[in-house]
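Enquirer: Next one to model:
(2 chains)
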Amino acid sequence: DAGITQSPRHKVTETGTPVTLRCHQTENHRYMYWYRQDPGHGLRLIHYSYGVKDTDKGEVSDGYSVSRSKTEDFLLTLESATSSQTSVYFCASSRTGKDQPQHFGDGTRLSIL
Amino acid sequence: QKEVEQNSGPLSVPEGAIASLNCTYSDRGSQSFFWYRQYSGKSPELIMFIYSNGDKEDGRFTAQLNKASQYVSLLIRDSQPSDSATYLCAVLLISVGDGTASKLTFGTGTRLQVTL
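Expert: Now for the predicted structure:
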């Protein structure tokens, strides 16, 4: 299994507060991704990174920002959390090569009250 | 039309039977296809991937791809209660960055129940 850890694993916070989720991988994978998973919607890509300081938007990027200052770390920030961002967030990473599968972290369950 | 479609299930099969999970996709340019298994409350775990038309076997699992029909399936032989999970189909629709990364689109998953 790819060594991908997410922190925190669970978080409860209030509307309007900033939240940062961290993803750390030890596989030296070039590519990293943030997804959210909601009932009826499946996994949806928020942002992805194809190298240090190289990031781009996914299909549900509004209200989220990311940063990648090191190969191993990919941060997801909710600048001002809203209840609609209550979800389970997964980080994934993959090797170089468009056919390389993505491997997922254990997820972060985020509740915004 | 959703880009990747799966029947949500639940698909119920008896222990020892063959489970057949299906996935259709809309983009004929799709290049790679992945099957993930997700237990309740856990993260998706890669089972298999397939790129070429035909069958690919790995133990009790067989992935089948028919690009002409835009159809990919996963067969699980000798189904076990431990196979009870949600199975996610993921399709590579776009290469991103410098073309060396995949941006996957996931179906919503099929819930499989293997009964004793």
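Enquirer: Bridging across strands, which residues link to A:Leu110?
Expert: Beta bridges link A:Leu110 to A:Lys11, A:Ser87, judged by DSSP bridges.
Enquirer: Quick one: residues contacting it.
Expert: By Cβ atoms under 8 Å, 6 or more residues apart in numbering or on different chains, the residues touching A:Leu110 are A:10-11, A:13, A:19, A:21, A:85-89. Every C-beta, even on glycine, is put in place using the N, C-alpha and C of the backbone.
Enquirer: go with 7 Å
Expert: A:11, A:19, A:85-87, A:89 (Cβ atoms under 7 Å, 6 or more residues apart in numbering or on different chains).
Enquirer: Who wins on neighbours among those?
Expert: For those, the largest number of neighbours (other Cβ atoms under 10 Å in any protein chain shown) sits with A:Tyr89, at 23 neighbours.
Enquirer: Please tell me how far it sits from A:Gln6.
Expert: Separation of A:Tyr89 from A:Gln6 (Cβ to Cβ, to the nearest Å): 8 Å.
Enquirer: Which neighbours do these two have in common?
Expert: A:21, A:107-108.
Enquirer: Report the rounded mean pLDDT for the helix or strand containing B:Tyr87.
Expert: Under the criterion of DSSP states H and E, B:Tyr87 resides in strand B:85-96. Mean per-residue pLDDT for strand B:85-96: 84.
Enquirer: Tell me which strands that strand pairs with, and in which orientation.
Expert: strand B:32-38 (antiparallel), strand B:101-106 (antiparallel), strand B:110-115 (antiparallel).
Enquirer: can you pull the buried residues of that strand?
Expert: Residues of strand B:85-96 classed as buried: B:85-93, B:96 (neighbour count, 16 or more other Cβ atoms under 10 Å in any protein chain shown).
Enquirer: So which of the shared contacts of A:Tyr89 and A:Gln6 is the closest to chain B?
Expert: Using Cβ to the nearest Cβ, A:Gly107 comes nearest to chain B of these, at 5.1 Å.
Enquirer: Just give me the neighbour total for the closest one.
Expert: By other Cβ under 10 Å, neighbour count at A:Gly107 equals 22.
Enquirer: ok, it to A:Gln37 distance?
Expert: 8 Å.
Enquirer: Overlap in contacts, those two.
Expert: Common contacts of A:Gly107 and A:Gln37, defined by Cβ under 7 Å, 6+ apart, comprise A:88, A:90.
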